[in-house]
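> here is my input, please return the structure:
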Amino acid sequence: MKNRKNSPKKLPASVAEMATISITGNIVPPQWFKTITFDNGKPDLNSILILADICYWYRPSEIRCERSGAVIGQKKKFAEDMLRKSYSDLQTQFGLSDRQLRDCFSRLEKRGVIRRIFRTLESSTGRQNNVMYIELFPSIVKELTHKNSQKSFEATLSDPINMDCPPYHDRTGQGVTSNVTPITIERDTYPVITGGHIETNTTSNISSNISSLSESDFPNDPLVKAFFAPKKKEREKDSISKKMLAIWNELVPEKTLSSANKFLGKQLEAALRDQLDGNLEDWKTVCKNFKSSKFLMGEVDSIRIKPDLSWLVDPKEPRVRRVFEKQHYTFDDRSSSSKQIIDLDKLEEEIEELPEVTISKQVRLFVFQQNPAFDQSFLRKAILVPQENIFFIGANSHFARDKIAEAFEAILKDFLHHKYNMTLKITGPKK
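Predicted coordinates:
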């Protein structure tokens with residue numbers, strides 16, 4: 001009779017089959033689901049995935065002796081002094097949108113775990129502007145990974161060889177150095193406010209829970225002061241397409257657009273970057289030149305097309321550069337008097353100084369950040385009043401009511417529901 005005690009237990013079929021599969025790639029420490037979170041405490045899954053991929057590239061590879069198999073050194077996985085990535089690469093890899101990726105990077109930068117560095121490179125094909133590199137800070141990775149396990153964290157500091165977690169420790173100086181000598185332009189970095197998960201989404205900054213906090217709540221904390229200082233600057237940095245649209249609406253009001261969808265926003269930014277070297281003043285010139293042309297304004301009898309903003313920034317043609325240099329088309333054959341360019345910072349300050357309750361100001365700021373020109377044209381003249389669980393927007397005309405409902409009813413309903421558990425009602429003047 002067989003001894004059942006000593007007989008090996010048979011593995012389940014699924015477990016045995018998994019042993020034949022080689023799984024490699026990113027590692028996600030379980031602790032990150034508690035330390036990398038949104039304000040409501042839920043895990044920031046997209047940011048976790050992005051950070052895991054960055055950590056994979058920064059973990060060194062082993063160099064083994066071909067004869068003995070012994071580990072004789074380590075090398076970096078990437079070719080240059082720092083990891084180079086583009087938003088399009090990550091979009092393809094993770095299936096995220098451009099905005100989702102930018103927001104993830106912004107939140108990770110606020111935690112202090114990474115930093116984006118944009119360089120101008122000279123290559124055989126010409127100059128490449130705004131090439132993105134990612135710098136990783138291993139000390140912050142350690143803190144996020146061992147935040148609630150002080151004993152384990154202290155062990156990694158004193159004896160990194162005996163770590164029970166993936167080796168995220170700093171490897172600065174190891175590996176083959178790169179011969180690339182780029183011109184480095186570093187963006188501002190933001191400090192981390194630990195313990196409170198204070199972070200904002202750059203596209204909905206005003207809807208963040210930190211609206212109830214101020215510097216006075218932390219009078220002696222330099223990190224808090226540094227956090228509140230760059231909010232406006234960060235929002236400005238991430239709204240180039242909105243600024244371009246606002247300039248277009250001011251200088252070419254005959255062809256005003258209430259908002260730019262994601263596709264048009266990318267085309268605007270690409271046109272500014274590739275054809276105007278990122279210069280917004282040159283974009284103003286483009287808009288003025290566009291308006292000075294009867295052909296481009298569609299005022300020529302024989303014209304079969306109606307040039308508009310989408311036509312202008314079509315990536316298939318360098319039309320922005322042509323209009324800037326007054327080439328290819330006819331210019332200065334019509335009056336092109338334009339309004340003065342609006343001062344976005346000044347208008348935002350005016351909204352914040354309005355004698356209204358906080359929720360009304362936040363709704364105005366929300367619309368303003370989406371489309372400053374729309375705020376000026378329609379919402380600024382409206383009355384915004386919260387009553388119990390209903391938020392009323394009283395437009396000054398039926399036309400304005402229809403425009404507000406068409407452009408912002410859906411997103412404002414979502415904003416008010418999630419932020420204040422309120423419904424929205426848009427009305428016009430009484431007959």
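
> when you work out contacts or count neighbours from here on, use the C-alpha atoms and nothing else.
Noted.

> could you export stretch 274-282 as PDB, CA atoms only?
The C-alpha coordinates for stretch 274-282 follow below in PDB (Å, rounded to 0.1, in the frame of the first residue of the first chain):
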ATOM      1  CA  ASP A 274       6.100  72.500 -36.200                       C
ATOM      2  CA  GLN A 275       5.300  75.600 -38.300                       C
ATOM      3  CA  LEU A 276       5.800  78.500 -35.800                       C
ATOM      4  CA  ASP A 277       8.400  77.100 -33.400                       C
ATOM      5  CA  GLY A 278       5.900  77.400 -30.600                       C
ATOM      6  CA  ASN A 279       5.600  81.200 -30.800                       C
ATOM      7  CA  LEU A 280       2.100  82.400 -29.800                       C
ATOM      8  CA  GLU A 281       2.900  85.900 -31.100                       C
ATOM      9  CA  ASP A 282       3.400  84.400 -34.600                       C
END
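
> what's the distance between it and the middle of its chain?
When distances are taken as CA atoms, centre = their mean, to the nearest Å, stretch 274-282 is centred 21 Å away from the chain's centroid.

> give me the contacts around that stretch.
With contacts defined as CA atoms under 8 Å, 6 or more residues apart in numbering, stretch 274-282 is touched by 244, 272, 273, 283, 318, 320, 321, 324.

> what about the fourth one, neighbour count?
Think residue 283. With neighbours defined by other CA atoms under 10 Å, the count for residue 283 comes to 23.

> which secondary structure element contains it?
Using DSSP states H and E, residue 283 falls within helix 280-291.

> give the next helix or strand downstream of that helix.
Sequence order places helix 309-312 as the next helix or strand after helix 280-291, per DSSP H and E.

> mind checking how far the residue lying closest to residue 249 once chain neighbours are set aside is from residue 367?
Spatial nearest neighbour of residue 249, excluding adjacent residues (CA to CA, 6 or more residues apart in numbering): residue 256 at 4.8 Å. According to CA to CA, to the nearest Å, residue 256 and residue 367 sit 16 Å apart.

> again, but for residue 282
For residue 282, the distance to residue 367 - CA to CA - is 27 Å.

> helix or strand: which one has residue 116?
Assigned by DSSP H and E, residue 116 falls within strand 114-123.

> what packs against the helix or strand following that strand?
Per DSSP H and E, the first helix or strand lying C-terminal to strand 114-123 is strand 126-136. The contact analysis (3 or more CA pairs under 8 Å, 6 or more residues apart in numbering; DSSP states H and E) places strand 126-136 against helix 45-58, strand 83-84, strand 114-123.

> where in the stretch 201-350 of the chain is pLDDT low?
Applying pLDDT under 70 to the stretch 201-350 of the chain picks out residues 201-238, 301-303, 335-343.

> the helices in it, which residues?
Listed in chain order, the helices of the stretch 201-350 of the chain (DSSP state H, counting those that start in this stretch) span 222-228, 231-237, 240-251, 262-275, 280-291, 309-312, 319-324, 344-352.

> could you chop this structure up by domain?
For the chain, automatic domain parsing gives the domain ranges 32-205, 240-324, 344-427.

> least confident of those domains, on average?
Lowest mean pLDDT of the domains of the chain: domain 32-205, a mean of 73.

> in stretch 273-284, what's buried?
275, 276, 278, 280, 282, 283, 284 (16 or more other CA atoms under 10 Å).

> same question for stretch 135-143.
For stretch 135-143, using 16+ other CA under 10 Å, the buried residues are 135, 136, 137, 138, 140, 141, 142, 143.

> need these in a markdown table (columns: distance to residue 289).
Below are the buried residues of stretch 135-143 laid out as a markdown table (distance: CA to CA, whole Å):
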| residue | distance to residue 289 |
| --- | --- |
| 135 | 41 |
| 136 | 45 |
| 137 | 47 |
| 138 | 50 |
| 140 | 50 |
| 141 | 51 |
| 142 | 54 |
| 143 | 54 |
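
> show me the contacts for the nearest residue to residue 97 once chain neighbours are set aside.
Spatial nearest neighbour of residue 97, excluding adjacent residues (CA to CA, 6+ apart): residue 91 at 6.1 Å. Taking CA under 8 Å, 6+ apart, we find residue 91 in contact with 97, 98, 101.

> are any of these buried, and which?
The neighbour-count criterion (16+ other CA under 10 Å) marks residue 101 among the contacts of residue 91 as buried.

> among the contacts of residue 91, which are in strands?
Among these, DSSP state E puts none in strands.
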